[in-house]
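Trainee: Got a sequence here, can you model it:
(3 chains)
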Amino acid sequence: MDFIPQYLFNGLVVGCSYALIAVGLTAIFGLMEIANFAHGQFYMLGAFFAYWLTRIAGLDFWTGLAASVIGVMLVGVLLERTLFRFLRGASLSSSVLATIALSIFLENLALNIWGPRPQKIISPFESGGIELLGIFTTPDRLSMLFLTFLMVLILHVCLRHTHTGKAIRATFQQREAAALVGINIDHLYTLTFAVGAGLAALAGVLLGTIFVVQPSMGGVATLKAFIVVTLGGASSFAGGIAGGLLLGLAESFGAIIAPSYKDAVGFILVILVLLYKPNGLFGKRT
Amino acid sequence: MKAAARLSSPLLLGTIGLLLILPWLIGAEYYLHIAITALVFVILATSLDLLVGYAGLLSLGHTAFFAFGAYAAALLYLHFGVPLWITLFVSGGFAALIAWLLGLLVLSVRGHRFVIMTLVFAEMGRLIAYNWTDLTHGQVGLPGIRPPVLSIPGLVHIDFAYRPAYYYLALFVTVACVAIIWRIADSPVGWRMLALRENERLAEASGVDTQRIATTAFVVSAFFAGLAGSLYAHYNGFISPDLFYFSYTTTMLIMVYLGGKGTIIGPVIGAVLFTILPEALRVTANFRLMTFSLILLLLVVFAPEGLVGLIGKLRRRASAGEKAGNA
Amino acid sequence: MSKRPRTSTMIASLPLLFTAWSCMAEPIHIGAVYPLTGAVAEDGAVVLKGAKLAVKIFNDAGGLNGDKIDFLVEDGACIPAQSVASAEKLISANKVVALAGAFCSSSTGATMDVALRYKVPMVAGISTAPNLTERGNRYLFRIQATSQMLADAFASKMMQIAGGKKVAFLVVNDDWGRSIATCYKTSLEREGAQVVSTQIFDTNETDLFSYITNVKRAEPDAIMMAANTQNAITVTEQLRQMNVKSKLFGEGSFTAKSYYDAVGKKGDGIGGLMPYISSFDNPVNKQFVEMYKAAYGEIPNNNAAAGFEELTIITNALKTSGKEEPEALRDAIAKSSTPGPSGEIKFNEKGQGYGFTVFLSQNEEAKAEVAATAQIDKPN
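Mentor: Alright, predicted model coming up:
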């Protein structure tokens, strides 16, 4: 009984990482209607950029973090302008397969550049546990929670109160109408794609300090992101965040009962949601 | 419109002749090993094409049916001594049953939700194979699955552990499967699948029971994948949860797209090419996946009709050129 | 005027070339299936280093009657299907007379059938799955002490160090990790232990907090771990972060250089159950460590030693049998007593290795110190 807060906290931390990764996918998917199976690779690239910048190039952590996120955003812009522009009108099969191919390509590119050995990003905080009200955690995990919260806040404010944010929300709801009103859809897409990639990269860097960085982490992240998007519904950012936290918590508590089948918790949730609430738990009603 | 490429009779006869004398042409048993592996993948690729190319349902879980079939065959043989002749059909049936049950769940959605569900299904299969160690022995796998011995006293005694014998067996099974799949594709059932692929709503309005057609495509393709699993298990002698890995699905998808989706023949070519290529390119292991994924990307973007489509285009251009030249 | 040699000259020189060719040494083809790509590529590369050293020693000493080993390595990637194809190629196309590999137990399990079919001896230095030697395959020889053998050897000492009866397992989800949980459970329970928790985590799992929380709740006196490379690092760090006070033991990479580089003194106090320790005071080992350092600039670990042992057994069999055929080599290996870095290696009728020493180490100041040793007796 007294361990419940620990499981809760564990689940929240993991959930935050899922939320950060999935929010970007929600944006790309909901806005551009492209099933981007390479999304998790932004997470992986963010982590590897940060590893390379901090461990090899010797930058300090925060500069490395900022540079990595910006770097991945640039990669995102490049990809959006080339491949994803082409995929905009394409069939689902085409975009799924093309992005799967892209995902495998990026993973093996990373493998060839950095090798298969898992690496760690040196955290700016001293390592070691902290005990808070009977819960064990680390400064890295706490900063993950804090930064996620901060990002969500910033996102919320931008979407509600800036011109661009309103444009994004408008395009989300009604693409053709938004174009008619003079919103530059192309620029919006590029921006959204870049932001989504950047958020995933941020998650990668933060998780790279807590856990490890390895080329195979992208594929896992993609699957989790799609599960979250399915759970939360692809129509709202709030859905993506809530979905991420939900998945994290469900997995954490699922681990009490059947640790080996932890991943299955997410799968079962997906099946249930798809059966009973196809638009996601927080999605629009059809 | 018949999407399958037409092979001229001499070419077809020539290919069949070559296949029949293959064991005498190639030297080491290693090459026969590649040939048999290619045949298994031919069944997998063509059955996937029926689902993806004809019915237009992108399933990322095809390898799970293959793996379920393989495990069914392995467990039946190891616990009850059931030979290949029976496990071929039981594996197929088992996979088909799972597909039918899964279809009840999954075929009510389309688009990306369907894709994700099939992916989740394959992952769950992997988890079960990995963790239900009492049944599947987990990662250690199940060894000792023997090929059959055909023994009619006085008439014939063939031990299919003799590799060339298994080659002919696999060749026979594969040709039969491809022929059946072709028949299905080139029949009213196949045309209804095409209608489903092209425009589901329109098909519904035209009176096609799209739900039933989708189920048929799903179940039939799973049947053949399961059958291929049995063929593989008895040949390889050993199976493990890695058969559920996404990498196998990717391979099958590349084969379908490389050869040309929706053509049945295309995936045959794709399967053969893509079994030989990785073996031939052993040296470049690290770059292999990068090269293949790049090929797939380029194919999807620039040549979704695959090799068969390209050959068709070249032929048309050649005959058009002839006509132009004669004019 | 033609620049090509005249036809008659060419024909005349043929007998000369033929004679010269048949007098030249015939290379002995030896094959190995190792994971050169994939998740354990690093470990595979190290195994290969050890193996190559053994080949070099043999070849530099003149080989067998002047015939030197042509060592052919194929990538099995620890994928059973690929390992099988690699073995097929090596045996059937390259005609190797002996095989080493395939590192991961599931790959070895698949590859040994190939060895049996072609009747080529196969020496496995690392795979620990117990059933490999229970399948009646007379062509497979497994050097490594199984987890059951290690557990039996050190169970009582472990209980002594633990200072209590409650034991928990924190193992990686593969045949190796799972068999450690079962094997050590048997041996430790015989010494009076009580297993209070068994946590099995996926190898790709990076967040072990839930599993560790589960373990903590059970309040064990000792925790037995099974983890390689990154899992070992992750497990150690997170156990320390969660302030776990139980005595820690582990099979796997808890004494590897990369482990010490990553965790430093956080690994102190962990007891390692090792088939090999580079500081073992044994003449063969001393020479091995020297040569390895000279060749590669680092100290060998158990993977390197395993690769070295695999090929040493093969080269030794070549010398004792004097023949280069698979069947003769198989018989020679079965009867052999090969000096290895951990002691003499012999094989029982099932192909299980014995006779060597195994170690219980203790991490101190980011180094492995020998806390206890045991010699493996002939198993039944």
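
Trainee: that's a strand at C:Gly353, yeah?
Mentor: Yes: with DSSP: H, G, I helix; E, B strand; the rest coil as the criterion, C:Gly353 is assigned to a strand.

Trainee: can you give me the strands for the chain?
Mentor: Because you didn't say which chain, this covers chain A. In chain A, the strands defined using DSSP state E lie at A:130-132, A:135-137.

Trainee: other chain: chain B
Mentor: For chain B, applying DSSP E gives strands covering B:142-143, B:149-152, B:156-159, B:238-239.

Trainee: for the closest residue to chain B within the stretch 201-350 of chain C, phi and psi?
Mentor: In the stretch 201-350 of chain C, the residue that lies nearest chain B is C:Asp202 (8.6 Å; C-beta to the nearest C-beta). C-beta: built from backbone N, CA, C; applies to glycine. With angles defined as degrees, to the nearest 10, C:Asp202 sits at phi -70, psi 150.

Trainee: doesn't C:Asn173 make contact with it?
Mentor: Yes: C:Asp202 lies in contact with C:Asn173 (C-beta atoms under 8 Å); the separation is 5.0 Å.

Trainee: Show me what counts as buried in stretch A:26-44.
Mentor: A:26-44 (16 or more other C-beta atoms under 10 Å in any protein chain shown).

Trainee: Show me these that map onto helices.
Mentor: Secondary structure defined by DSSP state H assigns A:26-32, A:39-44 of the buried residues of stretch A:26-44 to helices.

Trainee: will you turn those into CSV that also has pLDDT and distance to B:Leu78?
Mentor: Below are those laid out as CSV (pLDDT from 0 to 100; distance: C-beta to C-beta, whole Å):
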residue, pLDDT, distance to B:Leu78
A:Thr26, 86, 47
A:Ala27, 82, 50
A:Ile28, 81, 47
A:Phe29, 80, 45
A:Gly30, 76, 49
A:Leu31, 78, 52
A:Met32, 78, 50
A:His39, 93, 42
A:Gly40, 93, 38
A:Gln41, 94, 40
A:Phe42, 94, 45
A:Tyr43, 93, 42
A:Met44, 94, 40
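
Trainee: how about the residues of the stretch 51-200 of chain B near chain C?
Mentor: With C-beta under 8 Å from any C-beta of the partner chain as the criterion, the stretch 51-200 of chain B meets chain C at residues B:Tyr130, B:Asn131, B:Thr133, B:His137, B:Gly138, B:Gln139, B:Val140, B:Gly141, B:Pro143, B:Gly144.

Trainee: Tell me the buried residues within those.
Mentor: B:Tyr130, B:Asn131, B:Thr133, B:His137, B:Gly138, B:Gln139, B:Val140, B:Gly141, B:Pro143.

Trainee: can you tell me which residues contact the fifth one?
Mentor: If you count contacts by C-beta atoms under 8 Å, 6 or more residues apart in numbering or on different chains, B:Gly138 has them with B:Ala129, B:Tyr130, B:Asn131, B:Trp132, B:Pro241, C:Asp174, C:Asp175, C:Arg178.

Trainee: Just want to check the distance between the nearest residue to the fourth one once chain neighbours are set aside and C:Ser105.
Mentor: Take B:Trp132 and drop its neighbours on the chain: the residue closest to it by C-beta to C-beta, 6 or more residues apart in numbering or on different chains is B:Gly138, 7.6 Å away. Going from B:Gly138 to C:Ser105 by C-beta to C-beta, to the nearest Å gives 10 Å.

Trainee: joint contacts of those two?
Mentor: Shared contacts of B:Gly138 and C:Ser105, counting by C-beta under 8 Å, 6+ apart, come down to C:Asp174, C:Asp175.

Trainee: Give the buried residues for stretch C:336-347.
Mentor: Buried, per 16+ other C-beta under 10 Å, within stretch C:336-347: C:Ser336, C:Thr338, C:Pro339, C:Gly340, C:Pro341, C:Ser342, C:Gly343, C:Glu344, C:Ile345, C:Lys346, C:Phe347.

Trainee: hey, where'd the helices end up in the chain?
Mentor: As the question left the chain open, I've gone with chain A. Using DSSP H, helices in chain A cover A:4-32, A:39-51, A:61-79, A:85-87, A:92-114, A:139-161, A:163-173, A:175-180, A:185-210, A:217-232, A:237-257, A:262-276.

Trainee: Switch to chain C, please.
Mentor: Going by DSSP H, chain C shows helices at C:7-23, C:41-60, C:80-88, C:105-118, C:147-162, C:175-190, C:209-217, C:229-241, C:257-263, C:283-296, C:302-321, C:326-335.

Trainee: Identify whichever of the ones you listed lies nearest to B:Gly260.
Mentor: The closest of the helices of chain C to B:Gly260 is helix C:80-88. By C-beta to C-beta, the value is 25.8 Å.

Trainee: does any bit of that closest one sit next to chain A?
Mentor: No: shown here: helix C:80-88 not in contact with chain A (C-beta under 8 Å from any C-beta), separated by at least 15.7 Å.

Trainee: pLDDT on that helix, on average?
Mentor: Per-residue pLDDT over helix C:80-88 has a mean of 90.

Trainee: same deal with stretch C:110-121?
Mentor: On average, stretch C:110-121 scores 92.

Trainee: Report the buried residues of it.
Mentor: C:Ala110, C:Thr111, C:Met112, C:Asp113, C:Val114, C:Ala115, C:Leu116, C:Arg117, C:Tyr118, C:Val120, C:Pro121.

Trainee: and the nearest residue to the third one once chain neighbours are set aside, what are its bridge partners?
Mentor: The reference is to C:Met112. Nearest residue to C:Met112, sequence neighbours excluded (C-beta to C-beta, 6+ apart): C:Leu140, at 4.4 Å. Beta bridges link C:Leu140 to C:Met122 when assigned by DSSP bridges.

Trainee: isn't C:Ala110 right up against C:Gln82?
Mentor: No: in this structure, C:Ala110 is not within contact of C:Gln82 by C-beta under 8 Å, at 9.5 Å.

Trainee: re earlier: which one of the buried residues of stretch C:336-347 is nearest to chain A?
Mentor: So of the buried residues of stretch C:336-347, ranked by how close each gets to chain A (C-beta to the nearest C-beta), first place is C:Pro341, at 24.9 Å.

Trainee: and the nearest residue to the closest one once chain neighbours are set aside, what pLDDT?
Mentor: Once flanking residues are discounted, C:Pro341 sits nearest to C:Asn285: 4.0 Å by C-beta to C-beta, 6+ apart. On the pLDDT scale, C:Asn285 is placed at 93.

Trainee: try A:Ser127
Mentor: For A:Ser127, the model assigns a pLDDT of 68.

Trainee: can you check B:Gly27 too?
Mentor: 69.

Trainee: before we move on, the earlier item: can you tell me which of the buried residues of stretch C:336-347 are in strands?
Mentor: C:Thr338, C:Pro339, C:Gly340, C:Gly343, C:Glu344, C:Ile345, C:Lys346, C:Phe347.

Trainee: got TSV for those residues, with pLDDT and distance to B:Leu281 too?
Mentor: Output for these, formatted as TSV (pLDDT from 0 to 100; distance: C-beta to C-beta, whole Å):
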residue	pLDDT	distance to B:Leu281
C:Thr338	92	37
C:Pro339	92	41
C:Gly340	91	37
C:Gly343	90	42
C:Glu344	92	43
C:Ile345	93	37
C:Lys346	93	42
C:Phe347	94	37
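
Trainee: between those, which is nearest C:Ser253?
Mentor: For those, the nearest to C:Ser253 is C:Gly340 (20.8 Å; C-beta to C-beta).

Trainee: Any idea which of the helices of chain A has the lowest pLDDT on average?
Mentor: helix A:175-180 (a mean of 74).

Trainee: what about the helices in the stretch 51-200 of chain B?
Mentor: Secondary structure of the stretch 51-200 of chain B (DSSP state H, counting those that start in this stretch): helices at B:62-80, B:84-106, B:111-131, B:133-136, B:163-185, B:188-198, B:200-205.

Trainee: buried residues in the second one?
Mentor: Along helix B:84-106, these residues count as buried under the neighbour rule (16+ other C-beta under 10 Å): B:84, B:87-88, B:90-96, B:98-100, B:102-103, B:106.
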